[in-house]
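# When you get a sec, could you give me coordinates for this:
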Amino acid sequence: MSDWKGWAEAFIVGIGATALMDLWSWALRRIGIPTLDYAMLGRWCGHWKTGIWFHAPIQKSPPTRYERPMGWALHYLTGIAFAALWLALAGESPGVASALLFGAITVLVPWLLLQPALGAGIASSRTARPWMSRTVGGLTHLVFGMGMWLALWMCSMAK
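Alright, predicted model coming up:
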């Protein structure tokens, strides 16, 4: 991605995929399945300046200023970064299979980094229903992968 068009495409694909993932998460919450509150992601970030990286659990840590917008911004920036990485790795014509595989792999970031830092343990091991959380997380990241492919397809239709 050495030109501005590549970065613009990564931006659009990342925003589109993350928005589809958010629509999916909204639907899950509507039927009673909890998903990550991005304010907690922002709270985690807000505590970095004090050197606190791990919480047990994040919900019991003091709120930080602007945690909700900061969490949402980090969520979308992560989606853009993942899309840029996928586009860089996938080559000239990335297909739906590579998007789904990449989306599935991205679930390792929350399982191995975010959830332990928020006090949920590796792959939700400290939650009330770890396998439910893992299943929802895995499916959500597959939706993200599908969103990357759909957003890229829409970009190609607009050319």
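
# Kindly state the pLDDT recorded for the nearest residue to residue 107 once chain neighbours are set aside?
Closest residue in space to residue 107, ignoring its immediate chain neighbours: residue 141 at 4.0 Å, by C-beta to C-beta, 6 or more residues apart in numbering. The C-beta positions use only the backbone N, C-alpha and C, and glycine is treated the same way. For residue 141, the model assigns a pLDDT of 98.

# where do the helices sit along this protein?
4-30, 38-46, 67-90, 96-106, 108-109, 115-118, 130-158 (DSSP state H).

# closest one to residue 57 among these?
helix 115-118 (6.3 Å; C-beta to C-beta).

# If you count contacts, what does the closest one end up packed against?
helix 38-46 (3 or more C-beta pairs under 8 Å, 6 or more residues apart in numbering; DSSP states H and E).

# would you turn the helices of the chain into JSON lines with mean neighbour count and distance to residue 57?
Output for the helices of the chain, formatted as JSON lines (neighbours: other C-beta atoms under 10 Å; distance: least, C-beta to C-beta, whole Å):
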{"stretch": "helix 4-30", "mean neighbour count": "17", "distance to residue 57": "19"}
{"stretch": "helix 38-46", "mean neighbour count": "21", "distance to residue 57": "9"}
{"stretch": "helix 67-90", "mean neighbour count": "18", "distance to residue 57": "15"}
{"stretch": "helix 96-106", "mean neighbour count": "18", "distance to residue 57": "23"}
{"stretch": "helix 108-109", "mean neighbour count": "12", "distance to residue 57": "19"}
{"stretch": "helix 115-118", "mean neighbour count": "20", "distance to residue 57": "6"}
{"stretch": "helix 130-158", "mean neighbour count": "18", "distance to residue 57": "13"}
